[in-house]
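Trainee: just to be clear, the model below is a prediction. Sequence and coordinates:
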Amino acid sequence: MKIAVAYENGNVFEHFGHSRQFKIYETDGQNIVKEEVIESEGSGHSAMAGLLAGLDINAVICGGIGGGAANALGEAGIEVYSGVSGNADEALEAYLNGELISEGVNCSHHSHEEEQNCGTADTENESCGCGCGCGSDIDDGSCGCGSNETSGCGGCSGCGGGAPLFDGANVGKVCRVHYKGTFNDGTQFDSSYDRGEPLEFICGAGQMIKGFDAAVANMEVGQVVDVHLMPEEAYGMPDPANIITVAFEDMPGSENLEIGNQVYLTTPYGQQFPVKVVDKDKETITFDANHEMAGKELNFKIELLSAE
């Protein structure tokens, strides 16, 4: 049996679609027989699925993964364990012991699974915080929350499932699009054109924000549309229930964070989700877990390349 772990510097890499290395473990079901690190060159999920299928991989362990990637791996007969972080060898051991929990599709965006470098970012930057399980612990790691100096844009729309919320000729099809996203002031926050790699997703499967998904549903191949999305069609309005206040004594190391830092908190199951520090006093720290684009109107130029 062969298991591939999205890999970087000994740890599970934050995002399948951008992993430049995989650590391949060959096991007898209980013990590791052979292991090696291979280069993937971060070539996109379709190519990566083909690469891993060609190596007879049975299962993949990764951080974040989008619907297109999960679908490509599933079609190749490869089982996916996502939402995993930390040491790669320990993740493999948990898998062999039957203790590894998968989030399923956990990084679905308006912008696919493109660069989602989540974690600490300057307040001037747009860090969309996709919850891709990335980041490294601050200082000595005692905080239980990750941080990272880079920021990326994209965003999570929530995982799909069940019946489509709308009809359209492309619903249920794997669609490939190029897009550019801007705010109302014209500032660009994301673009697949700039990355040179189209976005791929299953239309109507809930892998995208609602307005983006619905816009593609009735497009024709080769068509280009401009759409304006209100918050309700994108990331919704900020929810007061997503404001979390924690005592320093309950999160050792969090006293070192500053207002404006973007970090990850970790659930009891080891799954991470992004938050932003919004307040701090002598005894507590307050995090905002709302998506950074919550409450914002978004504009997209969308070009449908294929629908199959």
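Mentor: Here it is on my side, so go on.
Trainee: how would you label Val277: helix, strand or coil?
Mentor: strand (DSSP: H, G, I helix; E, B strand; the rest coil).
Trainee: gap between the closest residue to it other than its chain neighbours and Met237?
Mentor: With sequence-adjacent residues excluded and distances taken as C-beta to C-beta, 6 or more residues apart in numbering, Val277 is closest to Asn261, at 4.6 Å. Where you see a C-beta, it was placed from the backbone N, CA and C, and this is true even at glycine. Separation of Asn261 from Met237 (C-beta to C-beta, to the nearest Å): 23 Å.
Trainee: so where's this protein uncertain?
Mentor: Scanning the chain with the threshold set as pLDDT under 70 gives 41-46, 66-68, 102-165, 266-272.
Trainee: how about the helices in it?
Mentor: 45-54, 67-75, 88-96, 192-195, 210-217 (DSSP state H).
Trainee: tilt between the second one and helix 45-54?
Mentor: Using axes from the mean of the first three to the mean of the last three C-alpha atoms, to 10 degrees, the direction of helix 67-75 lies 20 degrees away from that of helix 45-54.
Trainee: could you turn helix 67-75 into PDB, dropping everything but the C-alphas?
Mentor: Output of helix 67-75 as PDB, limited to C-alpha atoms (Å, rounded to 0.1, in the frame of the first residue of the first chain):
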ATOM      1  CA  GLY A  67     -13.500  20.200  -4.700                       C
ATOM      2  CA  GLY A  68     -11.800  19.900  -8.100                       C
ATOM      3  CA  ALA A  69      -8.700  18.300  -6.600                       C
ATOM      4  CA  ALA A  70     -10.700  15.900  -4.500                       C
ATOM      5  CA  ASN A  71     -12.800  15.000  -7.500                       C
ATOM      6  CA  ALA A  72      -9.700  14.300  -9.600                       C
ATOM      7  CA  LEU A  73      -8.200  12.100  -6.900                       C
ATOM      8  CA  GLY A  74     -11.500  10.300  -6.400                       C
ATOM      9  CA  GLU A  75     -11.700   9.500 -10.100                       C
END
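Trainee: packing partners for it?
Mentor: Helices and strands touching helix 67-75, as assessed by 3 or more C-beta pairs under 8 Å, 6 or more residues apart in numbering; DSSP states H and E, comprise helix 45-54, strand 79-81, strand 199-202.
Trainee: find the nearest non-adjacent residue to Gln30, please.
Mentor: In this structure, Gln30 finds its nearest non-sequential neighbour in Leu96, 6.2 Å apart by C-beta to C-beta, 6+ apart.
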